[in-house]
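> What would the 3D arrangement of this be:
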Amino acid sequence: MSTRSRIAIELPDGSVKSIYCHNDGYLDHNGRILNNFYADREKVRALIKLGDISSLSEEIFPTGPHSFSNPQGGVVVAYHRDRGELGTGAADHASVDEFFNGDIEDYGYLLTKEDKWVFATYDDRNPQTLIE
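As a prediction, this is how the structure comes out:
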């Protein structure tokens, strides 16, 4: 069984863009990777631009052969880029509250306008600071 999550960025106007991540959404995996490797807002924007992903890794772009069925280690596996799926673009949310009170899967992660990672769970929708 997968631990699903949504990964999001708060935009300057307070709206939010998010993508679905199918695997390893728990804090010790996706939370750790986001906190340690996605502190740069431009890198998070590049991740969100990929659309929905199967798995999160430290790097977004492969440097060698990479596909959905044979991914390069340490590289994000994306549904559209790596398997050609359509309809996997980022979701739009009017606000941070709408994001966290919507379908955040098991975990929801958000990079705030202040460049801080916060998270909430399906069972506890109150965002908390993501601490390493």
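> Buried ones in the longest helix anywhere in the chain, by neighbour count?
Identified as the longest helix of the chain according to DSSP state H is helix 41-50. Neighbour counts using 16 or more other Cβ atoms under 10 Å place 44, 47-48, 50 of helix 41-50 among the buried residues. From N, CA and C alone the C-beta is placed, and that goes for glycine too.
> In CSV, list those along with distance to residue 71 and pLDDT.
Formatted as CSV, the buried residues of helix 41-50 follow (distance: Cβ to Cβ, whole Å; pLDDT from 0 to 100):
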residue, distance to residue 71, pLDDT
44, 20, 98
47, 15, 98
48, 19, 98
50, 13, 98
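> which one of the residues you listed is nearest residue 16?
Of all the buried residues of helix 41-50, residue 16 sits closest to residue 48, with 9.9 Å by Cβ to Cβ.
> thinking again about what came up before, counting contacts, what elements does the longest helix of the chain pack onto?
Here helix 41-50 touches strand 5-10, strand 16-21, going by 3 or more Cβ pairs under 8 Å, 6 or more residues apart in numbering; DSSP states H and E.
> The last one versus strand 5-10: what angle between them?
Read that as strand 16-21. Inter-element angle recorded for strand 16-21 and strand 5-10: 160 degrees (by axes from the mean of the first three to the mean of the last three Cα atoms, to 10 degrees).
> Between helix 41-50 and strand 16-21, find me the angle.
Put simply, strand 16-21 runs at 60 degrees to helix 41-50, going by the same axes, to 10 degrees.
> Give the rounded mean pLDDT of strand 16-21.
Mean pLDDT, strand 16-21: 98.
> Check what contacts it and list those residues.
Residues outside strand 16-21 that contact it (Cβ atoms under 8 Å, 6 or more residues apart in numbering) are 4-11, 30, 47-48, 50-56, 88, 90-96, 98-99, 105, 108, 110.
> Toward the C-terminus, what is the element adjacent to that strand?
helix 32-37 (DSSP states H and E).
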